[in-house]
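**Student:** 3D, please:
(one chain, ligands or ions: 1)
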Amino acid sequence: MALWFSESASSGHRLQWKINRMLYSGQSRFQSIEVLETESFGPSLVLDGIMQTTSGDHFIYHEMLARVPLSVHPHPSRVLIIGGGDGGLAREVLLSSQVSQVTLVEIDPMVVEVAKEFLPQHAQAFDDPRLNIIYADGLDYLGQNSLAPYDLILVDSTDPEGSGPGNSLYTSTFHERVYNALAEDGLYIQQTGTPTYNPEVLRQTSLSISNTFPVCRVFWCVVPTYPGGLFTFTSGSKRYDLMRFTPQATSDTRWYTAATHQAAFALPPMVAQLLPDSVRLAQSREPH
Ligand code: SAM
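**Tutor:** Sure thing, here's the model as predicted:
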């Protein structure tokens, strides 16, 4: 009898993954943690019953969240990642020789330990000497006044759902702290989920970021294991426009290219209608 993991996208839509083995199941102070050996996507991380990242398609999300800012910022040396305890985003960022140090602020140490043991594709970066892991709430961490400015701040957190720890990262207070922690030409990007099922996350987050930063942009990709596939990221920038970028060699990517970078800012009306007028107008112009 086959075993299936099921996640509800809505009351009328479920996603299911066939499971060959349950690699890990536990409960931390913050959430339930499972690693499933899925037939189609390999070892996959589930937090509080929500699929977070899979060995089979994580590269799409991590390439877009890392390569888009890295191809825009002229000197992305100091990078802060908030969340990302599976290690996949840190791995992608550290492929860049321009990056001198990555600080990863993850609230749940158990996620890192589980990723090291069961998610080998994600966990390669944990041995990189440029990586420093801090176990804290991202909102609290940015509340410190002694932080040296970051060139990039990337939020790879769980969704702001229920009583989960991700909620504190989708507030205007958090976005103001991000602004203050960034260098004068710093770039910020946050995952803003699947607009098909959670349009309010994108609507409210893009409004808060556009109220905090002079430049706000939204871009998308397709992640098969996220509900509806369509997945968005919202950025805040003190100077650079993510739609203007320097194409980079992409021989080591399977999703990100100069063409998919440009295409990612062409928004379908169902997404554009969720955004503040200034963002929608800026992104409705012809690509640069
Ligand atoms: N790629 C996934 C996505 O887009 O849904 C996210 C994966 S990553 C495992 C999410 C991480 O964010 C989790 O390890 C969780 O513990 C962490 N996290 C959630 N809220 C946080 C907070 N307030 N501060 C720091 N880390 C947080």
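**Student:** Show me where the stretch 101-250 of the chain has its strands.
**Tutor:** Along the stretch 101-250 of the chain, counting by DSSP state E, counting those that start in this stretch, strands occupy 101-106, 131-135, 150-156, 182-191, 215-222, 230-237.
**Student:** Not counting the fourth one itself, show me its contacts.
**Tutor:** Read that as strand 182-191. 61, 65, 68-69, 72-74, 76, 78, 149-157, 169-170, 175, 178-179, 205, 209, 213, 231-240, 242 (CB atoms under 8 Å, 6 or more residues apart in numbering). To be clear about C-beta, it is placed using only N, CA and C from the backbone, and glycine gets the same treatment.
**Student:** from those residues, which would you call buried?
**Tutor:** 61, 65, 68-69, 72-73, 76, 78, 150-157, 169-170, 175, 178-179, 205, 209, 213, 231-237, 240, 242 (16 or more other CB atoms under 10 Å).
**Student:** ok, which of the residues you listed also contact the ligand?
**Tutor:** Among the buried ones among the contacts of strand 182-191, the residues lying close to the ligand (CB under 6 Å from any ligand atom) are 61, 156, 157, 169.
**Student:** Of those, which is the nearest to the ligand?
**Tutor:** Comparing these against the ligand with CB to the nearest ligand atom places residue 157 closest, at 4.0 Å.
**Student:** In terms of pLDDT, where does the closest one sit?
**Tutor:** pLDDT for residue 157: 96.
**Student:** The residue nearest to it when sequence neighbours are not counted pairs with what?
**Tutor:** Counting by CB to CB, 6 or more residues apart in numbering, residue 157 lies nearest to residue 83, which is 3.5 Å off, once chain neighbours are set aside. Beta-bridge partners of residue 83, counted by DSSP bridges, are residue 156.
**Student:** In this structure residue 83 contacts residue 158, no?
**Tutor:** Yes - with contact taken as CB atoms under 8 Å, residue 83 and residue 158 are classed as touching, separated by 7.0 Å.
**Student:** can you list the strands of the stretch 101-250 of the chain in CSV and add distance to residue 47?
**Tutor:** CSV is the format used below for these (distance: least, CB to CB, whole Å):
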stretch, distance to residue 47
strand 101-106, 12
strand 131-135, 16
strand 150-156, 12
strand 182-191, 14
strand 215-222, 21
strand 230-237, 17
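**Student:** Alright, I will stop here.
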